[in-house]
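# Next come a sequence and a model predicted from it.
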Amino acid sequence: MKLNFGFRSDPGLIRSNNQDAYHIDPEGRFCIVADGMGGHAGGEQASRIATEQIQAYLSANWDSSISRDQLLESALWEANEAILLDQQQHPERADMGTTVVVAIFPTEQSPWYAHVGDSRLYRFRESHLEQLTEDHTWVARALKMGDISPDEVRSHPFRHVLSRCLGRDDLHSVDVQPLDVKVGDRLLFCSDGLTEELADEKIAFYLQETPIVEKAALSLVEAAKEQGGHDNITVVIVAMD
């Protein structure tokens, strides 16, 4: 299966800096999207540390005998420790953290994905868009418990409150799952700057109407900006050809 990557990252229309970060492995083995938080410098630093640490760990250990799911999980724990170390060395960034979503694509094995926070992974298959990740947020947990309704989620004042992120010493788990893909699928990795502005139906529309992944990534970012562009927007699309 051949992988084609399209990507776009934009600060949006309100913020002057971009606290998102992403990395696409030159060999197509993995891709990462991270969304930092914690002030102007802190957010950029946290997302940068996470993407650099994860890609370095995956690259260094790619040919090891470790299982693919353990490889991915260990990469995220390494990133968490690297951010905590930076916080200790730079107390002015003590409150920084980052979300992350990452997938690995081993040649002879099934792919896996992992995430912490509310950056998302979607699968677009046969005109149907499915969110594969579960947001680690207060509202997602409240919705699951039945404390709020689906209609309240998009406008709830606590919708940005994370229950998990990298850069916390009380992070106890990361979500790691096998990734079911087949030829014709497209995977969408994104920060919440996209999903805050565009509903899933609108995202599916652009994926359906724009088959070239580079153009689809650009179209999604521009559409999010047209809706306000209140946050940084990062999109990575992987076409399974």
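That came through fine.
# hang on, isn't residue 125 packed against residue 187?
No - using Cβ atoms under 8 Å, residue 125 is not in contact with residue 187; the gap is 9.7 Å. Placement of C-beta: from N, CA and C, glycine included.
# Who has more neighbours out of the two?
Neighbour totals were compared for residue 125 and residue 187, and residue 187 leads with 25 against 16 (other Cβ atoms under 10 Å).
# ok, the more buried one to residue 44 distance?
Distance of residue 187 to residue 44, given as Cβ to Cβ, to the nearest Å: 25 Å.
# Over to residue 183?
Residue 183 sits at a distance of 37 Å from residue 44 (criterion: Cβ to Cβ).
# Have a look at the two and say which one is more surrounded.
residue 44 (21 against 9).
# and the spatially closest residue to residue 130 that is not a sequence neighbour, what does it touch?
Of all residues not flanking residue 130 in the chain, residue 123 sits nearest, at 5.1 Å (Cβ to Cβ, 6 or more residues apart in numbering). Contacts of residue 123 were listed using Cβ atoms under 8 Å, 6 or more residues apart in numbering, and they are 129, 130, 132, 180, 181, 185, 186, 187, 188.
# quick one: stretch 173-189 to chain centroid distance?
Distance, stretch centre to chain centre, for stretch 173-189: 12 Å (Cα atoms, centre = their mean, to the nearest Å).
# Ok, stretch 165-174 next?
16 Å.
# Can you list the neighbours in contact with that stretch?
Applying Cβ under 8 Å, 6+ apart, the contact partners of stretch 165-174 are 34, 37-38, 46, 50, 73, 76-77, 79-80, 83-84, 87, 96-100, 114-117, 136, 164.
# Buried residues, it. List them.
165, 166, 167, 171, 174 (16 or more other Cβ atoms under 10 Å).
# which one of those is nearest residue 240?
Within the buried residues of stretch 165-174, proximity to residue 240 (Cβ to Cβ) peaks at residue 174, which comes in at 24.3 Å.
# ok, for the closest one, nearest residue in space, not its chain neighbours?
Leaving aside its chain neighbours, residue 174 sits nearest to residue 76 (4.7 Å; criterion: Cβ to Cβ, 6+ apart).
# next SSE after the host helix or strand of that neighbour?
Using DSSP states H and E, residue 76 maps to helix 68-89. As assigned by DSSP H and E, the chain's next helix or strand after helix 68-89 is strand 97-104.
# and that next one, what does it pack onto?
Strand 97-104 sits against strand 30-37, helix 40-61, helix 68-89, strand 112-116, strand 120-125, strand 186-190, with contacts defined as 3 or more Cβ pairs under 8 Å, 6 or more residues apart in numbering; DSSP states H and E.
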